[in-house]
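1. Show me how the following folds:
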Amino acid sequence: MSDLIARDVSSLGGDHQLLELMHASTDANVKTVIHVLVNGIPIDRLQPNTAAVEYALRLAQRDIPANVLVRAYSVGKDDFIEQMFPDVQALECTTEEKFTVLHHMSTTAGHYVDYVSQLVFEIYERERERWISTRGNMHASLIHEVLSNRGVKPQIFERETGYRLDSTHVGLVIWSSENDVAPDELRPLEHVVRRLAAAAGTSGAPLITAVDRSTAWAWLPFASPSHKIDLDSIRAVAAEMPTCRISLGLMSPGTAGFRRTHEQAQAARRVAVAPGQSTQIVSFGDEGIAITSILAGDVDSTRAWVNEVLGALAFDDSNMEVLRETLRVFLISGENVSETATSMQLHRNSVRYRVKKAMIECGSENMANRIDIAVALNACHFLGPTILRPAPRAKP
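-> Numbers count the residues shown, from 1 in each chain. Sure, this is the predicted structure:
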């Protein structure tokens, strides 16, 4: 049901945290409906579960329309009712009794969804009003207008925010990796951004705006596009708060650069939040991140393409993972066996064996599709289980 909702409600996109919350909310709602049906609990005594409430709050905080929330409940209800039919049909009773059972179950599920979705919708509306009043100042409004390319005058932007659009910018997204987020979690994140700005040698104070209570967008200003950022210093600052994660865009000048570096930071975040990824700082300029961020925008198509290119090498299997990584490093190194062996701390003969076996598994021994293979391996490296096929079960 959760997968169906994720496919049907496109606004959820690839945001891993929102999808996790939606899964938890769906799971709790289904269990509650079953308890209601089994124990005859009056629906008007129920309250939304914690995950459902938090899901509504996050949607409100991220400017995601309320109809997404309503749609999720509607899709879940329809699927729940559809899954009843075969079980009711299998009951050993008369047709009239089956009809009575089905009518009772579908009516109860419908009443439950109507009642609970109205409660969470009210929670959404209250949070939306609160969030807008908290964030709804000229500062945040102007940032969103610039990002939407609505022709904000640089002089007005600087006067209201204290930040110059004619600078060279590095955009970043910073968020908490903890599931249980404190109400004031943004304060330490803002502190990290200011420390990062100092370590990077910015020409002025950073610009920061909240996305929700665990995520912020920020821009670091620099006087010149030739300024070199010491990434080691940035990593050292970020390490002081292990629960925060950061994605960075590239340096880009002017108002257009303000938007572009933010887009790049958002794209890098799509890769950073993929299941299995735990790197604290990810930059759009890191090797393989830019192309992977594009592929991460359409996971279904990417999964199909990767499987077409890599064949059996795309199985989510530990042996295939070893072969994929060896072949990936081999291609990155310009097909240099010695360099690959040094990088992976392997004997050169082991590299040759693995590369040959990997090419056999993906059906491309002649290396005719080496560019496609390299890109597909790179996608597997960063997106992992998201785009891999389940390994076939061993024959008994």
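
2. At which residues are the strands of the protein located?
-> Using DSSP state E, the strands assigned to the chain run over residues 168-176, 207-212, 215-222, 244-248, 252-253, 281-283, 315-316, 389-390.

3. mind giving me the domain ranges of the protein?
-> Domain ranges of the chain: 2-135, 168-293, 298-390, per automatic domain parsing.

4. would CSV of these with distance to residue 161 and mean neighbour count be doable?
-> C-beta: built from backbone N, CA, C; applies to glycine. Below are the domains of the chain laid out as CSV (distance: least, CB to CB, whole Å; neighbours: other CB atoms under 10 Å):
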stretch, distance to residue 161, mean neighbour count
domain 2-135, 14, 16
domain 168-293, 6, 19
domain 298-390, 34, 17
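
5. right, so of those domains, which gets closest to residue 147?
-> Nearest of these to residue 147, taken as CB to CB: domain 168-293 at 5.7 Å.

6. Mind checking the strands of the chain for the one nearest to residue 266?
-> Using CB to CB, those put strand 168-176 closest to residue 266, at 6.2 Å.

7. pLDDT (mean, whole number) over the closest one?
-> Averaging pLDDT along strand 168-176 gives 94.

8. With stretch 291-300 instead?
-> In the prediction, stretch 291-300 has an average pLDDT of 88.

9. Surely residue 53 touches residue 123?
-> Yes. In this structure, residue 53 is within contact of residue 123 by CB atoms under 8 Å, at 5.8 Å.

10. As TSV, the domains of the chain with distance to residue 149 would be great.
-> As requested, these are arranged in TSV below (distance: least, CB to CB, whole Å):
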stretch	distance to residue 149
domain 2-135	17
domain 168-293	7
domain 298-390	24
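
11. what about the ones you listed, which gets the closest to residue 143?
-> Closest among these, once you apply CB to CB, is domain 168-293, at 5.1 Å.

12. gap between the two ends of that closest one?
-> 23 Å (CA to CA, to the nearest Å).

13. How far does that domain sit from its chain's centre?
-> 15 Å (CA atoms, centre = their mean, to the nearest Å).

14. Please give me every residue in contact with the nearest residue to residue 84 once chain neighbours are set aside.
-> Spatial nearest neighbour of residue 84, excluding adjacent residues (CB to CB, 6 or more residues apart in numbering): residue 105 at 5.4 Å. Contacts here follow CB atoms under 8 Å, 6 or more residues apart in numbering; on that basis residue 105 touches 37, 81, 84, 88.

15. Adding distance to residue 274 and pLDDT, write those residues out as a markdown table.
-> Listed next are the contacts of residue 105 as a markdown table, based on distance: CB to CB, whole Å; pLDDT from 0 to 100:
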| residue | distance to residue 274 | pLDDT |
| --- | --- | --- |
| 37 | 37 | 91 |
| 81 | 33 | 89 |
| 84 | 35 | 88 |
| 88 | 40 | 90 |
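
16. Which single one of those is nearest to residue 283?
-> residue 81 (47.1 Å).

17. Now do the nearest residue to residue 199 once chain neighbours are set aside, the pLDDT please.
-> Spatially, and ignoring its direct neighbours in sequence, residue 199 is nearest to residue 233 (4.1 Å; CB to CB, 6+ apart). Here, the pLDDT recorded for residue 233 equals 85.

18. Can you verify my assumption that residue 233 contacts residue 200?
-> Yes. Look at residue 233 against residue 200 with CB under 8 Å: they come within range, at 7.1 Å.

19. list the residues that contact both of these two?
-> In contact with both residue 233 and residue 200: no residue, using CB under 8 Å, 6+ apart.

20. Thanks a lot, catch you later.
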